[in-house]
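Asks: test case, fold it:
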Amino acid sequence: MRRFQIGLLIFLGIIFASSCEKDDICVEGDTPLLVIEFYDVTDTSALKEVTTLRAVGVGQNVTVNTVTDRSTVSTISIPLKTDEDATSFILISSSAENEDGTETGNVDTITFSYNRLEDFLSRGCGFVVNYDELQGSLTADDNNWIQDIEITQSLVTNSDSTHVKIFH
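Replies: Below is the predicted model of the structure:
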């Protein structure tokens with residue numbers, strides 16, 4: 001009987017040890033953000049800050065969490081949707097609120113369309129989504145502060161370089 005108990009203990013030990021998986025820690029990266037730089041429309045090589053910029057996703061009630069709300073910036077990084085082939089943003093220049101809470105800034109809507117490319121990194125990281133054939137369009141109105149959109153990199157695989165130039 002003693003031999004049976006030792007054998008059973010060894011058998012259970014082997015089963016337990018073989019059921020363990022190594023720990024996968026993801027250090028390889030994440031789905032990239034779209035990097036936008038703002039330029040002067042009269043001197044297209046000069047960066048130009050946008051005063052008190054507010055960025056809101058269309059259909060959202062909160063500002064984009066990767067952009068400091070109502071900050072004066074010349075570069076922003078924003079997330080694109082990973083489950084749709086287009087993402088629209090409301091960009092508000094000179095953003096402020098009236099006493100009744102209504103927006104007083106100049107509101108423009110831009111839409112980015114793209115093809116999604118899922119890339120499997122590892123068991124720990126899972127999939128990331130890269131974007132290809134990026135295109136941008138501006139919804140025209142009577143008072144657009146954005147004058148032009150230029151795609152500088154149509155393939156978005158990292159957040160290290162500029163993908164879009166916006167002229168204002």
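Asks: excluding sequence neighbours, find me the nearest residue to the residue nearest the centre of the chain.
Replies: For the chain, the residue nearest the mean C-alpha position is Pro79 (1.6 Å; C-alpha atoms, centre = their mean). Leaving aside its chain neighbours, Pro79 sits nearest to Leu33 (5.6 Å; criterion: C-beta to C-beta, 6 or more residues apart in numbering). (Each C-beta comes from the backbone N, C-alpha and C, glycine too.)
Asks: same check on Ser154?
Replies: Leu134 is the one closest to Ser154 (C-beta to C-beta, 6+ apart), at 4.6 Å.
Asks: so the residue nearest to the centre of the chain touches Asp30, yeah?
Replies: No: applying C-beta atoms under 8 Å, one finds Pro79 not in contact with Asp30, separated by 9.9 Å.
Asks: go through the longest strand seen in the chain and flag the buried ones.
Replies: When the chain is scanned for its longest strand (criterion: DSSP state E), the result is strand 106-122. Residues 106-110, 112-114 are the ones in strand 106-122 that count as buried (16 or more other C-beta atoms under 10 Å).
Asks: which of the residues you listed sits closest to Ile92?
Replies: Ile92 lies nearest to Val107 out of the buried residues of strand 106-122, by C-beta to C-beta, at 5.1 Å.
Asks: which stretches of the chain form strands?
Replies: 34-39, 50-57, 71-73, 75-78, 86-93, 106-122, 126-138, 148-151, 164-167.
Asks: cool, thanks, talk later.
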